[in-house]
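J.: Dropping a prediction and its sequence here:
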Amino acid sequence: MKSLISKLALVGMLSVSLNATSLFHTTSDNDELLKMQSYFNNIMNQMMSDNFASMNVVYPKIDMQAKKDKYILKFELAGMDKNDIKLSINDDRILTIEGEKKTIKKDKNDSFMKQESFYGKFKRMIVLPKDANIDKIKSKFKNGILEVSIDKLKNKKPFYKSLKIN
């Protein structure tokens, strides 16, 4: 059990740290890193999921853009109600989206030939860059897309402090 928990923690940390870097690079510079991120997210989903239909699914899918004055994150949440989604941020600049996509009620005579839609609980974390103003975050939900807009800090100066050696 300790081994499984250790593996889950390691995969979780790698997944979060890989998510953070994708805001800093373009897709062409970052193909291998994105493949690794997808791989680790898939492992996490497999380990944490009770729903076998969700295997190999990274949910929700996300598009991230870095614009001149802000970051735009778009989460694909088709078929969800905004009341079933929780969005939060902590002091470590980790933006978390979590919720549950409820299964469609099935008639006892219904059967599927194939079912690829994701249903169940989900949680995804993204570490925001240092110049993201976590006090200036806006979100809107329309047509199954949650758009999160995060202003960039203006005139962010690099931090430098000389330390005394004892």
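T.: That came in fine, so what should we check first? Numbering: from 1, shown residues only.
J.: helices and strands around the strand ranked longest in the chain, which ones?
T.: Across the chain, the strand with the greatest residue count (assigned by DSSP state E) is strand 132-142. When contacts are defined as 3 or more Cβ pairs under 8 Å, 6 or more residues apart in numbering; DSSP states H and E, strand 132-142 sits against strand 85-89, strand 145-152. C-beta here means a position set from N, CA and C on the backbone, and glycine is covered the same way.
J.: who touches it?
T.: By Cβ atoms under 8 Å, 6 or more residues apart in numbering, the list of residues contacting strand 132-142 from outside reads 71, 77, 82, 85, 87, 89, 93, 95, 128, 146-153.
J.: Can you tell me which of these are buried?
T.: Neighbour counting by 16 or more other Cβ atoms under 10 Å classes 71, 77, 85, 87, 89, 95, 128, 146, 148-152 among the contacts of strand 132-142 as buried.
J.: Tabulate these (CSV), appending distance to residue 102 and pLDDT.
T.: Formatted as CSV, the buried ones among the contacts of strand 132-142 follow (distance: Cβ to Cβ, whole Å; pLDDT from 0 to 100):
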residue, distance to residue 102, pLDDT
71, 30, 96
77, 12, 94
85, 12, 95
87, 18, 96
89, 25, 94
95, 23, 95
128, 29, 92
146, 17, 97
148, 22, 97
149, 27, 97
150, 29, 96
151, 33, 95
152, 36, 94
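J.: Could you dump those residues into a markdown table with distance to residue 105 added?
T.: Below are those laid out as a markdown table (distance: Cβ to Cβ, whole Å):
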| residue | distance to residue 105 |
| --- | --- |
| 71 | 38 |
| 77 | 19 |
| 85 | 20 |
| 87 | 27 |
| 89 | 34 |
| 95 | 32 |
| 128 | 38 |
| 146 | 24 |
| 148 | 30 |
| 149 | 35 |
| 150 | 37 |
| 151 | 41 |
| 152 | 44 |
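J.: Show me which of those is closest to residue 59.
T.: residue 77 (8.7 Å; Cβ to Cβ).
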